[in-house]
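Novice: Structure for this input, please:
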Amino acid sequence: MKYSYYPGCTLSAKAQELDRWGRRAMEALGVTLEELPQWQCCGAVYPNATDEIATRLSSVRALSAAKEAGQPLVTLCSACHHVVRRVNGDMRNNIDIRQKVNAYLGTMEDAAPYEGDWTVLHYLEVLRDEVGFDKVKERVVNPLTGRKIGAYYGCLLLRPSREMEMDDPENPRILEDFIRAIGAEPVYYAMRNECCGGYVTMEDKSQAARRAGAVMDNARACGAEMLITACPLCYYNLRENAPSPLPVHYFTELLAEALGVREDRHE
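Specialist: Okay, here's the model as predicted:
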């Protein structure tokens with residue numbers, strides 16, 4: 001299986017571990033991630049204004065490149081996935097946005113029109129729907145037996161559900177099923193899909209700390225010994241701003257460990 005891969009800026013900087021372990025794990029599963037050439041920052045925040053065209057262009061370029069390669073586009077960062085997936089929906093469903101974006105790209109780059117007709121998958125969706133969690137389980141050589149892990153979804157993977165279409169936004173299971181596949185025990189807790197406060201860290205660090213602390217306290221009270229996430233912003237906020245944090249890991253780190261391909265983090 002081959003996919004076009006959009007890593008995004010954070011995975012090339014502060015979240016290199018999310019990317020590195022993700023690539024190694026997919027190799028172990030027989031999946032090829034081909035990084036898009038000359039990808040650009042997605043903008044990190046989805047532009048709600050329908051007349052905002054410039055901040056949609058990089059996502060459309062990535063989608064067009066994946067379509068030209070004939071491979072579904074895979075993302076890993078929660079923020080990148082949120083932006084690219086929703087922009088793809090704009091191009092499919094909003095004729096005004098589609099015409100303006102294509103007019104700009106066609107004029108500036110001689111690009112073929114793009115109509116939102118390509119597939120965007122999150123890495124977790126590839127594991128669940130393309131590889132299959134049963135196959136992941138078969139490939140595990142180092143099951144994480146005995147670990148009690150809380151899945152932290154945050155805001156961006158699940159909502160708005162009619163556009164993201166990954167899982168039930170109120171009662172998701174994709175990360176819990178992933179945890180079972182690598183041999184660990186998922187811990188359900190009420191705040192696993194609530195905002196951690198990461199987006200207000202710069203403006204109001206105390207509020208971010210309260211939100212992150214509430215997530216941590218709830219997960220700990222329900223028996224979690226660690227949390228996993230796919231979001232670099234959540235990873236930072238939960239680790240750095242929560243008053244008494246649990247260990248927080250990228251889910252790809254535990255996947256690579258279970259598959260026996262995780263190198264020492266100090267290598």
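Novice: pretty sure Y6 is touching T75, no?
Specialist: Yes - applying CB atoms under 8 Å, one finds Y6 in contact with T75, separated by 5.1 Å. Where you see a C-beta, it was placed from the backbone N, CA and C, and this is true even at glycine.
Novice: Now do the strands in the stretch 1-150 of the chain.
Specialist: For the stretch 1-150 of the chain, the strands defined by DSSP state E, counting those that start in this stretch cover 2-6, 32-35, 73-75, 120-122, 148-151.
Novice: Out of those, which one sits most buried?
Specialist: Among the strands of the stretch 1-150 of the chain, judged by mean count of other CB atoms under 10 Å, the one packed with the most neighbours on average is strand 73-75 (a mean of 26).
Novice: Surely G116 and I95 touch.
Specialist: No - the pair G116 and I95 does not pass the contact test of CB under 8 Å, sitting 10.5 Å apart.
Novice: What number of residues are in the vicinity of C195?
Specialist: By the measure other CB atoms under 10 Å, the count of residues near C195 is 19.
Novice: looking at this structure, which helix or strand is least sure?
Specialist: The least trusted helix or strand in the chain, going by mean pLDDT, DSSP states H and E, turns out to be helix 95-109, with a mean of 93.
Novice: And that one, what's buried?
Specialist: Within helix 95-109, the residues that qualify as buried are I97, R98, K100, V101, N102, Y104, L105, counting by 16 or more other CB atoms under 10 Å.
Novice: if I pick the residue nearest to M1 when sequence neighbours are not counted, what's in contact with it?
Specialist: Nearest residue to M1 in three dimensions, chain neighbours excluded: V31, at 4.9 Å (CB to CB, 6 or more residues apart in numbering). When contacts are counted by CB atoms under 8 Å, 6 or more residues apart in numbering, V31 is found next to M1, K2, Y3, V126, E130, V131.
Novice: by contact count, what packs against the least confident helix or strand of the chain?
Specialist: When contacts are defined as 3 or more CB pairs under 8 Å, 6 or more residues apart in numbering; DSSP states H and E, helix 95-109 packs onto helix 57-69, helix 78-93.
Novice: how about TSV for those helices, with mean neighbour count, distance to P143 and mean pLDDT added?
Specialist: Putting the helices and strands packed on helix 95-109 into TSV (neighbours: other CB atoms under 10 Å; distance: least, CB to CB, whole Å; pLDDT from 0 to 100) gives the following:
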stretch	mean neighbour count	distance to P143	mean pLDDT
helix 57-69	21	34	97
helix 78-93	23	26	98
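Novice: Which of those helices sits closest to L121?
Specialist: Nearest to L121, of all those, is helix 78-93, at 8.6 Å by CB to CB.
Novice: Please work out which residues outside that closest one touch it.
Specialist: In this structure, residues lying in contact with helix 78-93 by CB under 8 Å, 6+ apart are 6-8, 10, 42-46, 50, 56, 59-60, 62-63, 73, 75, 97-98, 101, 114-118, 120, 122, 154, 156-157, 163-164, 229-234.
Novice: what residues are up against W21?
Specialist: Listed by CB under 8 Å, 6+ apart, the contact partners of W21 are Y250, T252, E253, L255, A256, R262.
Novice: Would you confirm that the second one contacts Y123?
Specialist: Yes - assessed by CB under 8 Å, T252 is found in contact with Y123 at 7.5 Å.
Novice: Give me the common contacts of those two.
Specialist: Jointly contacting T252 and Y123 under the rule CB under 8 Å, 6+ apart are G22, L76.
Novice: can I assume P186 sits in a strand?
Specialist: Yes - looking at P186 with DSSP: H, G, I helix; E, B strand; the rest coil, it is inside a strand.
Novice: Burial check on it, number of neighbours?
Specialist: The number of residues packed around P186, counting by other CB under 10 Å, is 20.
Novice: For the stretch 151-267 of the chain, just list every one of the helices.
Specialist: With DSSP state H, counting those that start in this stretch as the definition, the stretch 151-267 of the chain shows helices at residue ranges 161-164, 174-181, 205-221, 232-240, 251-259.
Novice: I'd like the ones you listed laid out as a markdown table, including distance to E109 and mean pLDDT.
Specialist: Written out in a markdown table, the entries for the helices of the stretch 151-267 of the chain read as follows (distance: least, CB to CB, whole Å; pLDDT from 0 to 100):
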| stretch | distance to E109 | mean pLDDT |
| --- | --- | --- |
| helix 161-164 | 27 | 96 |
| helix 174-181 | 36 | 98 |
| helix 205-221 | 39 | 95 |
| helix 232-240 | 29 | 95 |
| helix 251-259 | 33 | 98 |
